[in-house]
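Peer 1: The sequence and its predicted three-dimensional model are supplied below.
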Amino acid sequence: MIKRKSNEKKKLNRVNEDTAQEYGGKMPPNALELEVQVLGAILLDNMVFSDIVVILRPEFFYRTAHSTILEAMIRIDNRNEAMDGMTVIEELKRMGKLEAVGGVEYILNITESTSSSANAKQYARIIYEKFVLRDLIHISSEILGGCFNPAAEPYKILADASKDILDTSESFSKKRVVSVEEEIKNVVDQLGSRRDSDKKNLPGVPTGYFWLDDLTLGFQKSELIIMAGRPSHGKTALTLNIARNAALKGYKIAFFSLEMTKMEIITRLISIEARVDGQKLKSGRTSNEEWARVVNCLDKLKVKLFIDDTSEMNVLELRAKARRLKYEEDIDMVVVDYLQLLKGEGSYERRDLEVAHVSRSLKALAKELNIPVVAAAQLNRGIEQKKEKKPQLSDLRESGAIEQDADVVIFIHREFLVSRPNKEDPKYDEIRRKSEITIGKQRNGPPGSFDLVFLEEFTRFEDKSKEPQLDVPSEYGGGDSPF
């Protein structure tokens, strides 16, 4: 136990008077006492941390000392270590910032001033709201300064102000995770205005595709699976098909979409399941027979597929949300669409370093939750200049760390988009629907390749045949399944 110094206790709700001068002597909006309560709640109950970091980032705190303390907590959490007063003190020492936050005594005062963690989430939202108000004051000050500038460009000021306020507005409307089970009727109602659970005997989460399941034995616990492809080759479609297939077999899947909205995702799911053209669904041009198929598929799609369509998300937020879903719903797999849209924490000198951090974080999440994490990933544009257009591991975009961290790398390639065959070719339809799936890396199994049929109008992938020719090394028996 650390003894307190004999000098007077530092007050927890002191205010830096210099900041008040910034706003003409007026105190900026803040909730200092609640900042203390939130930090204390985390030290009392580490489970609260997952809720807090979804709402708050260090810079949202009014007092710099509190921002620094949350940074220390994040570092501790990244190492999967328990947080209490002593571990936070030691982390602050390592950061060289213990005295800057008020010393040992200040941390102990925080722990002693908090008696319960019950309202921490509510307090965090109030802290965030105060940050938004301060942000709006800052934006307003910049607008005012720009307007008084003799060389001001009115339309530029207006454009910048609109963007800043929109960014603040989007961050203020925090989206909650929703399940297809809850949302599907709402989506079908919107579409209409415009006009079984048995699990396969596999050790991993089934993908629903015969040869992919045969080669991987399903997606395994603790593995990071990368689904890579060029734009429009179907990586998002395939990850969503796999999520759907697993959910239909009774698995609980979390789908984090940084590019598509829940409306778009559920519309795709309906198109896949009902075999109704997605464009017809969105435009309201479905026939009576097609609409009947939509209505008939609804009960089947009431599955435990949880969607988060937050467009701006960093790995810390994703990790917190995935943890909460694991704790509350016991999810079996996480899907991220897509990796390069996920932000790292803080700033990075180079983009590849940020992508490397994201990749490592996703692998760490898979290990921590002991479930597969599937992430779609873009390929380098350099592949367009290569003579051989089929993707390889070296084509993974922006970071070799993705190849290093991934347990399985799966490439999606559609030759039709590269060669553009003549419509008079008798094999035109076959080539148009052919999608070559290649396992370029599998840490615990063989590589291989096989074809799927891609029904583009439904964004649906199907097995071509149960007897494909696999490109499997000779040690696995040539074209035969190694299993």
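Peer 2: In hand now; what should we look at?

Peer 1: how much space between the closest residue to residue 341 other than its chain neighbours and residue 312?
Peer 2: Counting by CB to CB, 6 or more residues apart in numbering, residue 258 is the residue found nearest to residue 341 once chain neighbours are left out, at 4.0 Å. Just so you know, the C-beta spots here come from the backbone N, C-alpha and C atoms, and that holds for glycine as well. Residue 258 sits 8 Å away from residue 312, taking CB to CB, to the nearest Å as the criterion.

Peer 1: again with residue 35
Peer 2: The value you get for residue 35 to residue 312, if CB to CB is used, is 23 Å.

Peer 1: between these two, who's got more neighbours?
Peer 2: For residue 35 versus residue 312, neighbours defined as other CB atoms under 10 Å are more numerous around residue 35 (28 against 12).

Peer 1: My read is that the more buried one contacts residue 130, right?
Peer 2: No. Taking CB atoms under 8 Å as the definition, residue 35 is not a contact partner of residue 130, at 9.2 Å.

Peer 1: residues shared between the contacts of those two?
Peer 2: Residues touching both residue 35 and residue 130 by CB atoms under 8 Å, 6 or more residues apart in numbering: residue 62.

Peer 1: what domains does the record give for this protein?
Peer 2: The chain breaks down into these domains under automatic domain parsing: 17-172, 178-476.

Peer 1: Make JSON lines from those and add mean pLDDT to it.
Peer 2: Formatted as JSON lines, the domains of the chain follow (pLDDT from 0 to 100):
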{"stretch": "domain 17-172", "mean pLDDT": "87"}
{"stretch": "domain 178-476", "mean pLDDT": "83"}
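
Peer 1: Burial-wise, tell me which of those domains comes out on top.
Peer 2: domain 178-476 (a mean of 18; mean count of other CB atoms under 10 Å).

Peer 1: what's the offset of the biggest helix by length in the chain from the middle of its chain?
Peer 2: Selection of the longest helix in the chain by residue count, based on DSSP state H, yields helix 120-147. Put simply, helix 120-147 sits 26 Å off its chain's centre (CA atoms, centre = their mean, to the nearest Å).

Peer 1: Skip ahead from it and say which helix or strand is next.
Peer 2: helix 154-172 (DSSP states H and E).

Peer 1: so what secondary structure elements neighbour that next one?
Peer 2: Packing partners of helix 154-172 (3 or more CB pairs under 8 Å, 6 or more residues apart in numbering; DSSP states H and E): helix 120-147.

Peer 1: Which strands and helices lie in contact with the helix it packs on?
Peer 2: helix 32-44, helix 48-55, helix 154-172.

Peer 1: looking at the ones you listed, which is closest to residue 356?
Peer 2: helix 48-55 (21.4 Å; CB to CB).

Peer 1: Please work out the angle formed by the directions of the helix or strand just after that closest one and helix 48-55.
Peer 2: Counting by DSSP H and E, the next helix or strand C-terminal to helix 48-55 is helix 64-78. Between helix 64-78 and helix 48-55, the angle comes out at 120 degrees (axes from the mean of the first three to the mean of the last three CA atoms, to 10 degrees).

Peer 1: Contacts for helix 64-78, please.
Peer 2: Outside helix 64-78, the residues touching it (CB under 8 Å, 6+ apart) are 35-36, 39, 42, 49, 53, 56-61, 82-83, 87-88, 91-92, 95, 97, 100-102, 106-107, 110, 316, 345.

Peer 1: Relative to residue 411, how far out is the nearest residue to residue 412 once chain neighbours are set aside?
Peer 2: In space, and not counting its chain neighbours, residue 412 is closest to residue 229: 3.8 Å by CB to CB, 6+ apart. Between residue 229 and residue 411 the distance is 6 Å, computed by CB to CB.

Peer 1: who touches both of those two?
Peer 2: Joint contacts of residue 229 and residue 411 (CB under 8 Å, 6+ apart) are residue 391.

Peer 1: just to revisit the earlier point, from what I can see the residue nearest to residue 412 touches residue 391, true?
Peer 2: Yes. Taking contacts as CB under 8 Å, residue 229 lies within contact range of residue 391: 6.9 Å.

Peer 1: Touching both of the two, which residues are there?
Peer 2: 379, 411, 413.

Peer 1: can you give me the strands for the stretch 301-450 of the chain?
Peer 2: 305-308, 333-337, 373-378, 408-413, 434-442, 448-455 (DSSP state E, counting those that start in this stretch).

Peer 1: Of those, which is nearest residue 278?
Peer 2: The nearest among the strands of the stretch 301-450 of the chain, by CB to CB, is strand 448-455 at 10.4 Å.

Peer 1: helices and strands around that closest one, which ones?
Peer 2: So strand 448-455, by 3+ CB pairs under 8 Å, 6+ apart, packs with helix 210-216, helix 428-433, strand 434-442, strand 460-463.

Peer 1: if we go to 6 Å?
Peer 2: Using 3 or more CB pairs under 6 Å, 6 or more residues apart in numbering; DSSP states H and E, the elements in contact with strand 448-455 are strand 434-442, strand 460-463.

Peer 1: CSV for the ones you listed, including distance to residue 286?
Peer 2: Output for these, formatted as CSV (distance: least, CB to CB, whole Å):
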stretch, distance to residue 286
strand 434-442, 26
strand 460-463, 16
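
Peer 1: Which one of those strands lies nearest to residue 273?
Peer 2: So among the helices and strands packed on strand 448-455, strand 460-463 is nearest, using CB to CB, at 8.5 Å.

Peer 1: quick revisit: okay, the angle between the longest helix of the chain and helix 64-78?
Peer 2: 130 degrees.

Peer 1: List the beta-bridge partners for residue 452.
Peer 2: Beta-bridge partners for residue 452, by DSSP bridges, are residue 435, residue 463.

Peer 1: Quick check: it touching residue 438?
Peer 2: No. No contact is recorded between residue 452 and residue 438 when judged using CB atoms under 6 Å, the distance being 11.2 Å.

Peer 1: if I pick residue 362, what's in contact with it?
Peer 2: By CB atoms under 6 Å, 6 or more residues apart in numbering, the contact list for residue 362 reads 224, 373, 375.

Peer 1: do you know how far it is from residue 403?
Peer 2: Counting by CB to CB, the gap from residue 362 to residue 403 is 13 Å.

Peer 1: With distance to residue 278 added, can I get the shared contacts of residue 229 and residue 391 in TSV?
Peer 2: Listed next are those as TSV, based on distance: CB to CB, whole Å:
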residue	distance to residue 278
379	24
411	24
413	22
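
Peer 1: Please identify which of those is nearest to residue 294.
Peer 2: Checking those one by one against residue 294 (CB to CB), the nearest turns out to be residue 413, at 31.3 Å.

Peer 1: Who's the closest spatial neighbour of that closest one, skipping the chain neighbours?
Peer 2: residue 436 (4.6 Å).
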